[in-house]
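**Student:** from the sequence below, what's the structure:
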Amino acid sequence: MDDQNKNLILATALSFLVILVWFVLFPPPEQTTTPDSTEISTTAETEVQTPSAAGTTTVDETTAAAAEAQPEAQAPRVQIDTPRLSGSLSLSGGRIDELFLKDYKVSLAEDAPIVELLSPVGSESAYYALYGWAPGAGLSGTDVPGPNTLWSVEQGETLGVDSPITLVWDNGNGLTFRRTVSVDENYMFSVTQSVENASNASVAMAPYGILARHGIGEDGDIPELKNFFILHEGLISMADGTLNEVDYGDIQDGVESLEGINEGWIGFTDHYWMTTLIPEQGTEFTASAGFNTQNKVYQADIKTPTLTVAAGESAQVTTRLFAGAKEWDAIREYQAEGVQKFIDSIDWGWFFFLTKPIFWLLHNINVLIGNMGWSIIGLTLIIKAILFPLAFKSYVSMAKMKELQPQMEALKEAAGDDRQKMQQGMMELYKKEKVNPAAGCLPILMQIPIFFSLYKVIFVTIELRQAPWFGPFQDLSAPDPTSIMNLFGLLPWAGPQPDTFMALIFLGILPILLGISMWLQQKLNPAPTDPTQAMIFAWMPWVFMFMLGSFASGLVVYWIANNTITFTQQYLIMRSQGYKPDVFGNIKSSFKRTPKTDDK
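**Tutor:** Residues are numbered from 1 along each chain as shown. Reported below is the predicted structural model:
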């Protein structure tokens with residue numbers, strides 16, 4: 001077998017091995033299931049732990065008992081209505097505990113409901129944000145507002161853009177607390193907590209914010225999670241430039257605590273959604289997270305330093321809450337406004353130095369084109385243009401090796417069984433003709449990290465979620481919805497359900513086109529003379545076709561475009577070097593049966 005085919009087989013086999021390892025380690029995410037209704041807590045207890053002014057975390061028994069006296073379903077509410085959000089705020093604790101994302105549906109079905117991000121206690125997997133004051137010396141839990149304090153509306157009717165609301169609560173002992181909540185046109189809430197001291201003595205207290213997420217079952221499972229290996233879901237925080245990610249399972253192992261932070265944030269992140277507490281940047285704060293094993297509640301909180309408010313004085317602290325979709329544009333804008341490294345809340349992965357620029361480029365192409373499918377093809381063209389100098393050298397080297405084929409055959413005949421002599425002769429020939437036999441592998445090897453990075457981008461970024469292309473391809477983050485079972489929609493019955501074995505066998509049109517494009521790319525060169533290697537070479541495109549059939553259709557579109565451009569580049573460059581690939585001849589020869597020889 002000549003070195004040309006040896007290099008191609010080596011590169012293809014290496015790609016196959018990497019994809020195989022990837023497929024085994026990172027299988028498609030499991031389908032989420034709806035929890036049984038008997039597992040949902042129907043009590044109105046907040047079941048959170050409130051920080052103390054001294055910095056420790058204690059169970060607030062007073063507020064927990066008060067919750068039973070003020071059931072959540074009976075608590076008055078203030079509506080939330082913006083162009084992108086809807087929901088309500090409970091006056092029991094002033095909790096932001098019902099929030100819907102108007103721009104996103106749970107599926108592509110016409111009657112699909114919009115995504116619900118936050119939900120009150122008593123609903124499936126309650127999830128909410130609450131605020132309060134931790135009492136200092138001389139104050140008790142009943143002197144400050146807590147998770148279940150019943151507030152009154154002092155100003156405003158509906159919380160919306162440019163229409164904040166103000167809540168008020170008087171403790172009856174000279175302290176009046178107010179909470180002003182506002183929201184911008186996207187997903188950022190601002191919560192200003194203030195206190196007026198009309199008593200005759202100074203008081204000390206520390207403002208805090210809490211994110212609470214209730215799990216279900218004995219293990220505290222959260223049914224909304226994808227539980228996919230390459231995706232981080234759980235606690236996420238930024239502490240003075242250091243990103244911290246802790247899975248929900250690891251939160252159960254102990255309390256995470258960040259002390260003396262001046263810039264940062266903390267919260268919970270899902271695949272596409274996130275809630276984040278953001279103190280005023282530049283102001284020292286502490287952050288912690290933990291898990292209540294008894295009540296199955298995950299909690300993240302922040303606390304700013306204790307404030308001493310003299311008689312007749314007042315004080316206030318403002319904290320922001322991000323609750324919404326992890327949109328690149330919105331998060332980048334908040335980072336520009338001072339939220340430290342907020343863009344890192346998107347899970348860019350280990351190859352962040354590739355995933356970030358790849359997404360930036362894809363995003364800007366989509367801004368110009370307005371269609372993510374064509375944008376992926378445009379991205380492929382740009383990547384191939386960037387890698388063209390390397391590809392050019394590779395293909396020129398491959399063409400020269402074809403020209404050297406007669407000399408290489410002569411060396412083999414002269415060397416006979418002396419492999420060392422043959423190798424020395426080959427190296428001298430390569431050096432004389434300035435040919436690098438390994439150059440043919442480089443373009444494929446360069447594609448591997450790019451492929452993985454694009455896979456990460458397509459999987460984690462919300463901009464690819466339910467992104468349409470054309471016809472049946474209405475979600476490029478999902479596998480190809482077509483199937484050969486119904487002739488790609490021409491026959492009057494449905495194809496197999498996604499994520500089933502039948503869907504893996506009865507492939508869609510995109511994986512089939514991928515296999516054909518890889519097969520055609522092989523036909524630029526004759527098949528290896530060795531029968532075993534020729535068989536491996538022949539089966540490789542179809543193995544890839546089935547392996548990648550369940551991958552995101554956007555990724556398959558990229559690979560098809562990449563193969564098509566590579567075929568065109570290689571064909572034109574090899575012809576420019578005096579070697580004309582016999583594509584049709586190689587295709588014909590692949591269908592010819594090898595005649596059997598009779599042993600006598």
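**Student:** ok so Y430 is a helix residue?
**Tutor:** Yes. Counting by DSSP: H, G, I helix; E, B strand; the rest coil, Y430 falls inside a helix.
**Student:** can I see the domain layout of the chain?
**Tutor:** 3-28+356-591, 37-153+202-307+325-343 (automatic domain parsing).
**Student:** most tightly surrounded among the ones you listed?
**Tutor:** Most buried of the domains of the chain, by mean neighbour count (mean count of other CB atoms under 10 Å): domain 37-153+202-307+325-343, with a mean of 19. Every residue, glycine included, has its C-beta placed from N, CA and C.
**Student:** contacting residues for T380?
**Tutor:** T380 sits next to 558, 561-562, 565 when contact means CB atoms under 8 Å, 6 or more residues apart in numbering.
**Student:** before we move on, the earlier item: can you redo the domains of the chain as JSON lines with mean pLDDT and distance to V195?
**Tutor:** Listed next are those as JSON lines, based on pLDDT from 0 to 100; distance: least, CB to CB, whole Å:
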{"stretch": "domain 3-28+356-591", "mean pLDDT": "79", "distance to V195": "39"}
{"stretch": "domain 37-153+202-307+325-343", "mean pLDDT": "85", "distance to V195": "7"}
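**Student:** still on that earlier bit, can you redo the contacts of T380 as JSON lines with secondary structure and distance to P581?
**Tutor:** Formatted as JSON lines, those follow (DSSP: H, G, I helix; E, B strand; the rest coil; distance: CB to CB, whole Å):
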{"residue": "Y558", "secondary structure": "helix", "distance to P581": "24"}
{"residue": "A561", "secondary structure": "helix", "distance to P581": "21"}
{"residue": "N562", "secondary structure": "helix", "distance to P581": "19"}
{"residue": "I565", "secondary structure": "helix", "distance to P581": "16"}
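**Student:** closest one of those to I331?
**Tutor:** Nearest to I331 out of the contacts of T380 is Y558 (CB to CB; 24.3 Å).
**Student:** strands along the stretch 151-300 of the chain, start to end?
**Tutor:** In the stretch 151-300 of the chain, the strands defined using DSSP state E, counting those that start in this stretch lie at 152-155, 158-159, 165-170, 175-183, 188-197, 203-214, 234-239, 242-247, 256-261, 264-269, 273-279, 285-292, 297-303.
**Student:** run through the neighbouring helices and strands of the third one.
**Tutor:** If I follow you right, that is strand 165-170. Packing contacts for strand 165-170, counted by 3 or more CB pairs under 8 Å, 6 or more residues apart in numbering; DSSP states H and E, involve strand 152-155, strand 175-183.
**Student:** list the buried ones in that strand?
**Tutor:** Residues of strand 165-170 classed as buried by neighbour count (16 or more other CB atoms under 10 Å): 165-169.
**Student:** same check, this time on the fifth one
**Tutor:** Of the residues in strand 188-197, those buried under the neighbour-count criterion (16+ other CB under 10 Å) are 188-189, 191-197.
**Student:** closest to E263 among these?
**Tutor:** Distance to E263 across these (CB to CB) is lowest for M188, with 16.8 Å.
**Student:** please tell me how far that closest one sits from N295.
**Tutor:** 29 Å (CB to CB, to the nearest Å).
**Student:** quick one: which helix or strand includes S394?
**Tutor:** Element membership for S394, per DSSP states H and E: helix 388-403.
**Student:** now the angle from the helix or strand following that helix to helix 388-403?
**Tutor:** Proceeding C-terminally, helix 388-403 gives way to helix 405-415 as the next helix or strand, assigned by DSSP H and E. Angular relation of helix 405-415 and helix 388-403 on a 0 to 180 degree scale: 50 degrees, by axes from the mean of the first three to the mean of the last three CA atoms, to 10 degrees.
**Student:** mind listing what L243 touches?
**Tutor:** L243 sits next to 236-237, 341, 344 when contact means CB under 8 Å, 6+ apart.
**Student:** now L117
**Tutor:** Contact analysis of L117 by CB under 8 Å, 6+ apart lists 99-101, 127, 273, 275, 323-324.
**Student:** make sure I have this right: it is in a strand.
**Tutor:** Yes. Looking at L117 with three-state DSSP, it is inside a strand.
**Student:** in three-state terms, label the residue nearest to S194 when sequence neighbours are not counted for me.
**Tutor:** Nearest residue to S194, sequence neighbours excluded (CB to CB, 6 or more residues apart in numbering): Q316, at 3.6 Å. Using three-state DSSP, the structure places Q316 in strand.
**Student:** what's the local residue count around Q316?
**Tutor:** By the criterion of other CB atoms under 10 Å, Q316 has 14 neighbours.
**Student:** on the pLDDT front, check it for me.
**Tutor:** Looking at Q316, its pLDDT is 95.
**Student:** quickly note the distance from the residue most central in space within the chain to L513.
**Tutor:** The centre of the chain sits closest to V460, judged by CA atoms, centre = their mean, with a distance of 2.1 Å. Distance of V460 to L513, computed by CB to CB: 25 Å.
**Student:** any idea which helix or strand carries A385?
**Tutor:** Using DSSP H and E, A385 maps to helix 372-386.
**Student:** surely V161 and P83 touch.
**Tutor:** Yes. Counting by CB atoms under 8 Å, V161 does reach P83; the two are 7.2 Å apart.
**Student:** overlap of the contact sets of the two?
**Tutor:** Counting by CB under 8 Å, 6+ apart, the common neighbours of V161 and P83 are E185.
**Student:** before we move on, back to that, just put the contacts of L117 in JSON lines and tack on secondary structure and distance to P531.
**Tutor:** Shown next, in JSON lines, are the contacts of L117 (three-state DSSP; distance: CB to CB, whole Å):
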{"residue": "L99", "secondary structure": "strand", "distance to P531": "64"}
{"residue": "F100", "secondary structure": "strand", "distance to P531": "62"}
{"residue": "L101", "secondary structure": "strand", "distance to P531": "58"}
{"residue": "Y127", "secondary structure": "strand", "distance to P531": "61"}
{"residue": "W273", "secondary structure": "strand", "distance to P531": "54"}
{"residue": "T275", "secondary structure": "strand", "distance to P531": "60"}
{"residue": "A323", "secondary structure": "strand", "distance to P531": "62"}
{"residue": "G324", "secondary structure": "strand", "distance to P531": "59"}
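**Student:** lovely, talk soon.
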